[in-house]
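Q: below is the structure, and that's it, no one-letter string:
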Ligand code: SRM
Ligand code: SF4
């Protein structure tokens, strides 16, 4: 797609600087994200960076964190918190090559605490990088043509794309567009190469950020491409969700969904999760102008005073969907066509082996909560490194934190299969339907916002729920369960059939009734409860489900029909 054909990305409406919130002022005065990051990195007195630089570094995919397991102890000893940094890679659609995998493995071992984390938006996170190792880590990524640009911050974030190898031609077309969308919408500032690669500042012909201007977006803005029948990316949770419409196996265009977002805050009732509204259809060649138009409306009308109210979903609800749609169409210069029919069947991953239409094979491995690490009984990190050394295809991180060893020619399958067995990577064959459809966010000890455990707790909780499932004959039933350590919703818990969000150590809200293919939000069933109440509630509801479900009825649908929770309808889009 020719970028020259794109509309002018300059701001249509500027918000007066004197009305901006503190983060807006920080961005505006940062010299396009440079701030004093270089000075902060050079400061050997502390392992941290200044608060302002910490915020700006998010635009480069880097978060300052501290080890919360030892925070209190260090405070008692009057020591600085144990600071380190998380770096999130920009990996549109979750696809990487074996050499990129090997580099990530090397960096994880050298700087990231001997582990890699696959995220719910299909990328890698390296945790526990010390300040002085940030540059070597980012330069290592550059060696394999990867970067961390815009992986966090008030910009586009990781662009997601359905990982759907069995529809390979269509996937390839959509994935290519997802990559281009990521490049197209990422920020342009030279600050990235100056700070992380030591490049000289270059003069720019025009504005340094032709689209974003000095204040970037009001808040994060997430784009995802779904290829029906898979809704693995949870398209209705994206600020801009694009649903691929195919004709004769080839891409024709996209239905456009706007205004998804899941973050909420327990004590702020004005915050809420919201599913996207599908506002119409565009042909494939209208994609980039449409991305610009949608993003520019949020850029220009999003709330720049209150960050709790700054996501696109609130702009839409404040201005009205019709007004927003009209404004997007005005900027586009044409009206959306009516949305085209499509059907989703699941937001999970088909685990195990499948063959693509081109004869290549793909194996989706179950990676519990996306944590790639060696344990005594499963040396997963070593196993994936061994596979990467012989594999000639690709790796694809799924939106459910799993991993596809992809594009294997049939003659190479036996060697890869043998490595999977040798390193215990074939556990998808024996795990329960609930575990295979589970996701947990990182939470403690690195996430500064966590109020309760998530990744470190969900596996044990599932072991206890599995006892209940076995009693009721539901072991192989695919049921989605997602846990987060706070209400922000990083594992998309509000779309799960069983959702758990942390309130305090050992305490969670329990949600039921989410749609199996991501079409419906769930609703709170119990508030602020501990493990025994959760298990009791699940024993009751799952037992009832096992006894009284209709043929093919999903647990989320049953929870509503049986009256455990009311269906969430208002102001949301449903694919019914
Ligand atoms: Fe998230 C903030 C981890 C996907 C909603 N998220 C965070 C931070 C950076 C905490 C912070 O701000 O200090 C977490 C870092 C923890 C750590 O130690 O790694 C964090 N989010 C994650 C990841 C790693 C969870 C995971 O276990 O995989 C996911 C990284 C995705 C990626 O590769 O980019 C992740 N976060 C999500 C999603 C799911 C999605 O996008 O599909 C959501 C819900 C969708 C949405 O955005 O509405 C999500 N994260 C949030 C929010 C709430 C945003 C809001 O609108 O209220 C925050 C807090 C914030 O932004 O203020 C947040
Ligand atoms: Fe942290 Fe909360 Fe996101 Fe979990 S949901 S990673 S606890 S911000």
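A: Now that the structure is in, tell me what you want to look at. All of these numbers come straight from a predicted model, not from anything done at the bench. Ligands and ions are numbered 1, 2, ... in the order given.

Q: for residue 245, give the beta-bridge partners.
A: For residue 245, the beta-bridge partners are residue 253 (DSSP bridges).

Q: count of neighbours near it?
A: Residues lying near residue 245 (other Cβ atoms under 10 Å) number 20. (Glycine included, C-beta is placed from N, CA and C.)

Q: list the contacts of it.
A: 251, 252, 253, 254, 255, 281, 340, 342 (Cβ atoms under 8 Å, 6 or more residues apart in numbering).

Q: looking at it now. What's its pLDDT?
A: Looking at residue 245, its pLDDT is 98.

Q: so that it lines up with my notes, have the first residue be 6 from now on.
A: Yep, numbering from 6; the last one is residue 250 now.

Q: closest point of this structure to ligand 1, which residue?
A: residue 268 (2.0 Å; Cβ to the nearest ligand atom).

Q: my guess is that residue contacts residue 492. True?
A: Yes. Residue 268 is in contact with residue 492 according to Cβ atoms under 8 Å; the separation is 7.4 Å.

Q: between those two, who's got more neighbours?
A: residue 492 (22 against 19).

Q: which SS state does the more buried one fall under?
A: Residue 492 falls in the coil class when you classify it by DSSP: H, G, I helix; E, B strand; the rest coil.

Q: wait, isn't it in contact with residue 271?
A: Yes. Between residue 492 and residue 271 there is a contact under Cβ under 8 Å: 5.3 Å.

Q: for the residue nearest to the residue of the chain closest to ligand 1 when sequence neighbours are not counted, give me its contacts.
A: Leaving aside its chain neighbours, residue 268 sits nearest to residue 493 (4.9 Å; criterion: Cβ to Cβ, 6 or more residues apart in numbering). Each residue near residue 493 by Cβ under 8 Å, 6+ apart is listed here: 267, 268, 269, 454.

Q: and which of the residues you listed is nearest to ligand 2?
A: residue 454 (3.9 Å).

Q: in which helix or strand does the closest one reside?
A: In the assignment (DSSP states H and E), residue 454 maps to no helix and no strand.

Q: okay, now it: neighbour count?
A: For residue 454, using other Cβ under 10 Å, the count is 13.

Q: next one: it from residue 128, what distance?
A: Going from residue 454 to residue 128 by Cβ to Cβ, to the nearest Å gives 19 Å.

Q: what's the end-to-end length of stretch 152-163?
A: Its first and final residues considered, stretch 152-163 spans 11 Å by Cα to Cα, to the nearest Å.

Q: report pLDDT for the nearest residue to residue 415 once chain neighbours are set aside.
A: Of all residues not flanking residue 415 in the chain, residue 366 sits nearest, at 6.2 Å (Cβ to Cβ, 6+ apart). Looking at residue 366, its pLDDT stands at 95.

Q: now swap in residue 525 and tell me
A: pLDDT recorded at residue 525 is 94.

Q: how about it, phi and psi?
A: Per-residue torsions, residue 525: phi -150, psi 140 (degrees, to the nearest 10).

Q: nearest residue to residue 234 other than its sequence neighbours?
A: residue 350 (4.3 Å).

Q: return the set of buried residues in stretch 355-362.
A: Across stretch 355-362, burial judged by 16 or more other Cβ atoms under 10 Å covers 355, 356, 359, 361.

Q: please tell me how far the spatially most central residue of the chain sits from residue 409.
A: When Cα atoms, centre = their mean is applied to the chain, the residue found nearest the centroid is residue 126 (2.5 Å). Going from residue 126 to residue 409 by Cβ to Cβ gives 16 Å.

Q: quick check on residue 560: phi, psi?
A: Backbone torsions for residue 560, taken as degrees, to the nearest 10, come to phi -60, psi -40.

Q: show me what the host helix or strand of residue 367 is packed against.
A: Secondary-structure assignment from DSSP H and E places residue 367 in strand 366-370. The contact analysis (3 or more Cβ pairs under 8 Å, 6 or more residues apart in numbering; DSSP states H and E) places strand 366-370 against strand 357-360, strand 408-413, helix 418-427.

Q: rerun at 6 Å
A: Packed against strand 366-370 by the contact rule (3 or more Cβ pairs under 6 Å, 6 or more residues apart in numbering; DSSP states H and E) you find strand 357-360, strand 408-413.

Q: the next helix or strand after it near ligand 2 anywhere?
A: Helices and strands here follow DSSP H and E; after strand 366-370, the next one along the chain is strand 376-380. No. Contact of strand 376-380 with ligand 2 is not found when judged by Cβ under 6 Å from any ligand atom; the minimum separation is 13.0 Å.

Q: over to stretch 115-123?
A: No. Stretch 115-123 stays out of contact with ligand 2 when judged by Cβ under 6 Å from any ligand atom, the minimum separation being 10.5 Å.

Q: what comes up buried for that stretch?
A: Residues of stretch 115-123 classed as buried: 116, 117, 120, 121, 122, 123 (neighbour count, 16+ other Cβ under 10 Å).

Q: residue contacts, the second one?
A: What that stands for is residue 117. 131, 132, 133 (Cβ atoms under 6 Å, 6 or more residues apart in numbering).

Q: who wins on neighbours among those residues?
A: residue 131 (29 neighbours).

Q: so what's the backbone phi/psi at it?
A: Per degrees, to the nearest 10, the backbone of residue 131 is at phi -110, psi 120.

Q: pretty sure it sits against residue 92.
A: Yes. Look at residue 131 against residue 92 with Cβ atoms under 6 Å: they come within range, at 4.9 Å.

Q: if I look at the spatially closest residue to residue 515 that is not a sequence neighbour, how far off is residue 288?
A: Using Cβ to Cβ, 6+ apart and skipping residues adjacent in sequence, the residue nearest residue 515 is residue 531, 4.3 Å away. Separation of residue 531 from residue 288 (Cβ to Cβ): 47 Å.

Q: and the helix or strand hosting residue 541, which residues are buried?
A: Assigned by DSSP H and E, residue 541 belongs to helix 536-553. Within helix 536-553, the residues scored as buried using 16+ other Cβ under 10 Å are 539, 542, 543, 544, 546, 547, 550, 551.

Q: cool, and stretch 384-391?
A: By neighbour count with 16+ other Cβ under 10 Å, stretch 384-391 contains the buried residues 384, 385, 386, 388, 389, 390, 391.

Q: dump the residue contacts of the nearest residue to residue 102 once chain neighbours are set aside.
A: Nearest residue to residue 102, sequence neighbours excluded (Cβ to Cβ, 6+ apart): residue 399, at 6.1 Å. For residue 399, the contact set (Cβ under 6 Å, 6+ apart) comprises 100, 411, 412.
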